[in-house]
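Visitor: no sequence on hand, only this structure:
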């Protein structure tokens, strides 16, 4: 028996460009949210390190295992993070326009608003703009996937009993995670 390399143990993951995927099928809003969130996070990370990607288009985005990633490309010598932000917004707006019209779909509207925000000149540093886009898209990703847990409606939260006077005042954020069985 010959030992197997680690890459041989994992099943072959199909990798294709986003453009090829879009040629085969119309994307659903959940897919656009997922892809945009993955790409925004990667671009924000690059900008944080002082790097720029270059020309962003659907051919340069790889889809594998349900995740999107930027394909390695040689960025132009004059590539700037500000251009990446603008390209990202234009690219995202194009994806939103390609989505099928569904009346009342708030996610489609939210995607359009996120794209619109990053087409405007900002007083914030570009790395912060992309980081804000990544956070907004990640939040939209969480809320866009339907949660099918009827027991979530049964959760109730009550305020803790009053304590003695405390010099600290503030708000408490309570996060509840529902896991289906």
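Guide: Ah, there it is. None of these values were measured; they are calculated from a predicted model.
Visitor: same for the host helix or strand of residue 20, what does it pack against?
Guide: Remark: residue 20 resides in helix 18-24, with elements defined by DSSP states H and E. Based on contacts counted as 3 or more C-beta pairs under 8 Å, 6 or more residues apart in numbering; DSSP states H and E, the elements that helix 18-24 packs against are strand 61-64. C-beta: built from backbone N, CA, C; applies to glycine.
Visitor: please state the mean pLDDT value computed over the strand it packs on.
Guide: Model confidence over strand 61-64, given as mean pLDDT, is 95.
Visitor: tell me, how many residues neighbour the spatially closest residue to residue 19 that is not a sequence neighbour?
Guide: Among residues not flanking residue 19 along the chain, residue 58 sits closest, at 4.0 Å (C-beta to C-beta, 6 or more residues apart in numbering). Using other C-beta atoms under 10 Å, the number of residues around residue 58 comes to 18.
Visitor: what sits against residue 58?
Guide: 17, 18, 19, 22, 91, 95 (C-beta atoms under 8 Å, 6 or more residues apart in numbering).
Visitor: doesn't residue 36 make contact with the second one?
Guide: No - the pair residue 18 / residue 36 is not scored as a contact, 10.4 Å apart, by C-beta atoms under 8 Å.
Visitor: more neighbours: the two, which one.
Guide: Counting neighbours by other C-beta under 10 Å for residue 18 and for residue 36 shows that residue 36 has the greater number, 27 against 23.
Visitor: what about that one, which helix or strand?
Guide: Taking DSSP H and E as the criterion, residue 36 maps to helix 29-48.
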